[in-house]
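Q: no FASTA, just this:
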């Protein structure tokens, strides 16, 4: 209790301290959902609450549905800080295509739905996700724009000449528009 004084007779009046409300479990659950939508690897995060309802633990589930703890039991503020840092380090924001691609080389930026892949290689797609993450984090140079040509049968569609795996990785990340280089060769 904080002590304040009544100016009339200078007697202390005990008033409760105003405390900043703590982060809610709903806010933290929403943050976990946001991270899971932005984190495009295999692990998915979720929260566990202890029996008292005071402490939380961040757990993950991998692609084989094996669950494990990512943290010890923490208070809500600690969980909030952990999630902010986790998101900053591991999540990819699909709205910042300039973090993924070197846009200066592009001839245009097209909606991703206008592109059609011409091949799919599982290993290439897995590598493309790694390269997209590293480019986003500045570990490697940004990716080159996708090389495309006009589709011969469908108007306003383009076939991918080079960058099929990058295109598929970009779709998985949630990127809506992608830089392209229009090629005139067959």
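A: Arrived safely. None of these values were measured; they are calculated from a predicted model.
Q: Phi and psi next, for residue 46.
A: Main-chain torsions, residue 46, degrees, to the nearest 10: phi -160, psi 160.
Q: That one is in contact with residue 57, isn't it?
A: No - applying Cβ atoms under 8 Å, one finds residue 46 not in contact with residue 57, separated by 9.7 Å. (Each C-beta comes from the backbone N, C-alpha and C, glycine too.)
Q: Just give the nearest non-adjacent residue to the residue nearest to the spatial centre of the chain, would you?
A: By Cα atoms, centre = their mean, the mean C-alpha position of the chain lies nearest to residue 38, the distance being 2.6 Å. Ranked by Cβ to Cβ, 6 or more residues apart in numbering and with sequence neighbours excluded, the top spatial neighbour of residue 38 is residue 91, at 3.8 Å.
Q: Quick check: buried residues in stretch 67-84?
A: 71, 73, 76, 78-80, 82-83 (16 or more other Cβ atoms under 10 Å).
Q: of these, closest to residue 145?
A: Closest approach between the buried residues of stretch 67-84 and residue 145, by Cβ to Cβ: residue 83, at 33.3 Å.
Q: Assign that closest one to helix, strand or coil.
A: helix (DSSP: H, G, I helix; E, B strand; the rest coil).
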